[in-house]
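Asker: Structure for the following, please:
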Amino acid sequence: MKYEIFSYRFAEEILQHDKHVQCWDEIIGAVIKAPVFVYPGKSKNKRLDVVQQLLNAYFDRKLAIECGWQFHPIATKILNSNLKADFRKEFNGLHVQTEVQFGNMSRWYSDIFKFQAAYSESLTQAAVSIVPMSSLGTRIDSNVAHFERAKRELPSANLSITLPILLIGVSIDEKTPVIDVSTANFSTLKDITGKGKLNNRWRIVNSYFEGKPINEVSEISPIGPTLDISDDEDEETE
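Answerer: Numbers count the residues shown, from 1 in each chain. Here you go, the predicted model:
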């Protein structure tokens, strides 16, 4: 995918520093190599064709499995809190928390809260927020978080959001692999995105990583590498 960045509180300079540039390379590398998964006809609204859940699964595989980011670490030290981040990793003493948000705009505000909560309790010192550009978001659903709005609104919280945040907006270009998952051997989209179908999402994403044809993926295909996550937890992070 192509990307655009907004550097809040010098996040770009911090992550491009020699001590932390591995973080920059891993994040930008994951973004550039990201495909888009489409299911034509997924909605009566013909404009909607991008499958959010598979985008999330791609970043789970890329960052947590391939790059070794901690998956769903706690976002606060509050006792009995179930608030979890998407990813966190240490780079020469700098703990970086990353949230990938292709869901509703309200979820993005929750991500920003998690950044500040973790920062306030010294769980992280910098953050990365990956969201779609408006052109991509409007192909996912209505009121999806998007870069243009986030870029406009984040500086207004300058007195309350006090950690460095690298905001990354992603969109499709001519180099972006477009994977039509309607060609896979599942009866309906719900067989991919529905509750209890997490393994089918892994089957599709892992087949993509392994270079296998999507039209050969089915319920009996090997699942491949996975993470310790339940369907309920997966739904909470979308």
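
Asker: Show me what the helix ranked longest in the chain is packed up against.
Answerer: Longest helix in the chain, counting residues (DSSP state H): helix 105-120. With contacts taken as 3 or more C-beta pairs under 8 Å, 6 or more residues apart in numbering; DSSP states H and E, helix 105-120 sits against strand 94-100, strand 126-132. C-beta: built from backbone N, CA, C; applies to glycine.

Asker: Could you list the residues in contact with the first one?
Answerer: Identification of contacts with strand 94-100 by C-beta atoms under 8 Å, 6 or more residues apart in numbering yields 14-15, 19-20, 23, 27, 55-56, 59, 63, 69, 73, 75, 85-90, 111, 114-115, 118, 123-130.

Asker: Now do the most centrally placed residue in the chain against residue 75, distance only.
Answerer: In the chain, the residue lying closest to the centroid (C-alpha atoms, centre = their mean) is residue 100, at 2.7 Å. Per C-beta to C-beta, to the nearest Å, residue 100 is found 14 Å from residue 75.

Asker: now do residue 82
Answerer: From residue 82 to residue 75 the distance is 10 Å (C-beta to C-beta).

Asker: Could I get the full set of strands for this structure?
Answerer: For the chain, the strands defined by DSSP state E occupy 2-8, 36-38, 70-71, 87-91, 94-100, 126-132, 165-171, 178-180.

Asker: Tell me which of those sits nearest to residue 191.
Answerer: strand 36-38 (14.0 Å; C-beta to C-beta).

Asker: so what does that closest one touch, helix or strand wise?
Answerer: helix 52-59, strand 178-180.

Asker: do you know which of those lies nearest residue 164?
Answerer: Nearest of these (C-beta to C-beta): helix 52-59, 20.5 Å.

Asker: Distance from the closest one to the middle of the chain?
Answerer: 7 Å (C-alpha atoms, centre = their mean, to the nearest Å).
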